[in-house]
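Participant: Any chance you could fold what I've pasted below:
(2 chains)
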Protein chains: 2
Amino acid sequence: MNHVLIEAKSKAYKVFINTGLRSKIGEMMDSIMESHVSSVLVITDSSVAPLYLDDVVGSFHEKLPIYTTVIKSGEASKSFEVYEQVMTKALESGLDRKSVIVALGGGVVGDLAGFVASTYMRGIRFVQVPTTLLAHDSSVGGKVAINHPLGKNMVGSFHQPEAVFYDTEALYSLPEKEWRSGFAEVIKHGFIRNHTFLNWLQEEVTSFEELPVELVNQMLEKSLAVKANIVAEDELESGVRAYLNFGHTLAHAIESESGYGVVTHGEAVAIGMIFALKLSEQIFEVDLDVKRYEEWFKQLGYNTKISNQLQVSRLVTKMQNDKKAEAGTIRMVLLRKIEEAILIEVPPNTIEQLLVEQMEVEING
Amino acid sequence: MNHVLIEAKSKAYKVFINTGLRSKIGEMMDSIMESHVSSVLVITDSSVAPLYLDDVVGSFHEKLPIYTTVIKSGEASKSFEVYEQVMTKALESGLDRKSVIVALGGGVVGDLAGFVASTYMRGIRFVQVPTTLLAHDSSVGGKVAINHPLGKNMVGSFHQPEAVFYDTEALYSLPEKEWRSGFAEVIKHGFIRNHTFLNWLQEEVTSFEELPVELVNQMLEKSLAVKANIVAEDELESGVRAYLNFGHTLAHAIESESGYGVVTHGEAVAIGMIFALKLSEQIFEVDLDVKRYEEWFKQLGYNTKISNQLQVSRLVTKMQNDKKAEAGTIRMVLLRKIEEAILIEVPPNTIEQLLVEQMEVEING
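Facilitator: Numbers count the residues shown, from 1 in each chain, chains lettered A, B, ... in the order given. A predicted model of the protein is given here:
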C-alpha cells in the first residue's frame, strides 16, 4: 500500500494513503502495534461521526472493547473543558496503558485526541485517521495541543502516533472551503523545501473542482515527503522544524483576533504566506515573484488581504506572543529564495508598516 | 557539592543536596543551563511562600525577569482548574520557550509545576526545589501529573527537570507528620533494592526527633541512589520502574477513598507496604519478618491498619483502576524476598480477604 515513512527520533511510523482505508483500520492495527492492545477509544466530532464512525468501529474485531466519544465540531473544542471531558470518558471506559486512542477527524480532533493520548496515564498510544486535507499535515509529526484563550496551541506536547491512516475517499465529501484550507499547507511545503513541487502545483491545481484521485494521491505523497524530511531532522522544533511555521506567525494572530473558527486555518495561512513573501522581498532585497503567487491564490479563491475588521496593533501584539518569539521580539520564517527558509527576528515597526499595506481597502458607500 | 547523578535516557541531571541551597539557586542555574534563560516563573504554595520564596527569588540576577505564583497548599491543587490558572499566569507573564519554571515546594507543587512545564508551549525547562522529605522522591525521575476526580495522577507526563536543588535545612522546619510521610518512601527504596540500607535505617532511625544532619544527608543520598538506579534503567516505566510503586497500589486507593489530603501519602504507603509484605508472604510462601517491620513502623508512629471508615469493596475497585492494571485485573509489586521485587497479577478475592484482615477493629462503647 502507498505510504510515506516518518522517521522521527522518538519513533518511526507510516502514513498510509489509500481509498476506503477507514474500513481497514482495525485489521491493519494488528500488524502495526508492537504489543497487546487492551481496548480502543475512538474520538471524533459531530460532523465526522455520522459519516465514518460506524465504518471505523466496524473494522475492529468483535472481541476488542471499543468505546467512542463525539465532541462538538469546531476549533472551540480544543479547550481545557473538552480536554477534561474526554479524560473523564477515557477513565470511565477503563482505558489502561495498553489501550489505543483513535483520532478520527480533522485537525481539531487530531490535536485534542493526541494531547489526551500524550497525557492519559502519562501517555498511551494513538493513531491518526485524518478526514480533511488540512489534517494531512497536522496529523503527521506529533505536535498535539489545545488552545488557551490567550493563544492557540499554547498547551500541548510532542507525541508521535503509531500510524496515520489517510483515507482519500473522505476528501471527496469535503466542501471547497475545506480543500482551500488544507491546500495552503500543501503550498507551504513547496515554498519552504521544494520549488519543483511548487511549480507542479501551480500548473496542475488551478481550481478545487474535480481533481483526479491520482493527482491528489501524488500531491499528498510529495507534500508529506517534505514534512517527513523535516520531522526526521528535527522532531522537537529546535531548528529546521520551525520552517513549517512559514506563514503561521501572522496566521495565528489573525485566527486569534478574528475569534477561532471564523477564518479557516488555511485561509489565514494563505494571507500569512503572502505577507511573509512580501516581507522576505523587502528584507533580503530579492524578487520572489509575489504578484504571480498572489494571482494564483486569488484564482483558487483565497482572500489574500487582511480583514479591515482587525486592528494592526493588536495583530502585532499577538505576533509578539507567538511560541517562536522570545521576550517580546517577533521571529518569523522568511525565504531568502524559494525553498530556502530562514528564521529571523523582524522589528515590530517593519511588520506594522507592511500589515497596513496588506489591509483590505475599506469601501465607503 | 554533594550530589546524586540521575542518568535518565532522555536527560542526565544532578540532585544537589546541601544546607541553605535555596539561596544559591539563581547563581547555580547559570552553570547548569545549556542555553539562554529568558525569564523565570517560580511556582510555590501558600505554606512554603512565607518561608522560602524571598530567598529563592533573591538568588537570581537582578536583570533576569522573575515571576511568582502561589497556589493553595494541599493535594486539592493538583486539579485541572489550578493547572489552567497557572498556565494563564505563565502566558500573562510572557513566558517563552527559553523560560524556566522553578517548582518550590513539596510533591504537589513539583507534580503540578512539572506538568505545566511539560505542556507549556509543548514543553519548557524546569528545576525542582523540594522542601519536604517526601519530595526527595517525587522530585526525581520526571513523573509529573495532576489528579482526576476518578484517580490520582491520571493526567500527566514524563518530563525530567534540569536539576534538583535539595535544601536539607528546609526539612528541619517540617512537623513530624511530614517526616513520617516522606520516610515511607525512603524505607520503600530499601525494601525493593537495598537490604543493607533497610537494616541501617532500622537501626539508625527509630524516631524523627533530633536526627543529625549528617545522617539525614547520608540517608537521602542512599535513598536517591536507588531511585537513580531504577530511573536510569527504565525511564518510562515499561519495566523495573514499576517497582517504585511498592506499597502504592493500595495507598492510592486509600488516599482516593479517604478524600485526597486526609491521610498523608506516606502514611498510606506505609499501610500499603505492610499489606504488600503480607501478600508476598502468602503468595510466595516465604517469611519476610513482617511483624518486625510492623513493630518498627508503629514505633515511628505509623498506623499500619486500614481505617474502618473505608469499604473493602470500594478499595478493590479502585485498585482495579490503577494505572498498572490492565482491563480490570489487579497488578501489584510484591517481594519474593527483601530487595527482590516483582510485578504480578493478584486475584481480587485474595486481595479482598487480606484487606479485611488488615482493617482496624471497630471498638464499640
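Participant: For the residue in the stretch 151-300 of chain A positioned nearest to chain B, identify the helix or strand it belongs to.
Facilitator: Per C-beta to the nearest C-beta, A:Gly156 is where the stretch 151-300 of chain A lies closest to chain B, at 4.8 Å. For the C-beta atoms, the positions are set from N, CA and C on the backbone; glycine is no exception. According to DSSP states H and E, A:Gly156 maps onto strand A:151-158.
Participant: quick one on the thing from earlier: bridging residues for the residue of the stretch 151-300 of chain A closest to chain B?
Facilitator: Using DSSP bridges, the bridge partners assigned to A:Gly156 are A:Ala145.
Participant: For the strand holding A:Gly156, enumerate the helices and strands it packs against.
Facilitator: On a contact count with 3 or more C-beta pairs under 8 Å, 6 or more residues apart in numbering or on different chains; DSSP states H and E, strand A:151-158 meets helix A:107-119, strand A:143-148, helix A:248-258, helix B:80-92, helix B:107-119.
Participant: what does the stretch 251-365 of chain A put close to chain B?
Facilitator: A:321, A:323-328 (C-beta under 8 Å from any C-beta of the partner chain).
Participant: Show me the strands in the stretch 201-350 of chain A, by range?
Facilitator: With DSSP state E, counting those that start in this stretch as the criterion, the stretch 201-350 of chain A has strands at A:330-337, A:340-346.
Participant: Export the ones you listed as TSV, with columns for mean neighbour count.
Facilitator: Output for these, formatted as TSV (neighbours: other C-beta atoms under 10 Å in any protein chain shown):
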stretch	mean neighbour count
strand A:330-337	21
strand A:340-346	16
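Participant: Including mean pLDDT and distance to A:Val213, could these go into CSV?
Facilitator: As requested, those are arranged in CSV below (pLDDT from 0 to 100; distance: least, C-beta to C-beta, whole Å):
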stretch, mean pLDDT, distance to A:Val213
strand A:330-337, 96, 31
strand A:340-346, 95, 31
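Participant: follow-up on the earlier one: mean confidence for the strand holding A:Gly156?
Facilitator: Summarised as a single mean, pLDDT over strand A:151-158 is 93.
Participant: Let's have the strands of the stretch 201-350 of chain A in JSON lines, adding distance to A:Glu176.
Facilitator: As requested, the strands of the stretch 201-350 of chain A are exported to JSON lines (distance: least, C-beta to C-beta, whole Å):
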{"stretch": "strand A:330-337", "distance to A:Glu176": "28"}
{"stretch": "strand A:340-346", "distance to A:Glu176": "29"}
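Participant: Let me see the contact set for A:Lys227.
Facilitator: A:6, A:137, A:140-141, A:189, A:244 (C-beta atoms under 8 Å, 6 or more residues apart in numbering or on different chains).
Participant: The residues you listed in strands, which ones?
Facilitator: A:Ile6 (DSSP state E).
Participant: Keep only those of the contacts of A:Lys227 that are in helices.
Facilitator: Among the contacts of A:Lys227, the members found in helices (DSSP state H) are A:137, A:189.
Participant: Any idea how many residues pack against A:Asp287?
Facilitator: Applying other C-beta atoms under 10 Å in any protein chain shown, we find 9 other residues in the vicinity of A:Asp287.
Participant: Give me the phi and psi angles of A:Asp200.
Facilitator: Wrong residue type there; residue A:200 is Trp, not Asp. For A:Trp200, the backbone dihedrals (degrees, to the nearest 10) come out as phi -60, psi -50.
Participant: Any idea how far apart the tips of stretch A:283-295 sit?
Facilitator: 22 Å (C-alpha to C-alpha, to the nearest Å).
Participant: quick one: average confidence on it?
Facilitator: 97.
Participant: count of residues packed around the nearest residue to A:Val116 once chain neighbours are set aside?
Facilitator: Spatial nearest neighbour of A:Val116, chain neighbours left out: A:Val86 (5.0 Å); criterion: C-beta to C-beta, 6 or more residues apart in numbering or on different chains. Residues lying near A:Val86 (other C-beta under 10 Å) number 22.
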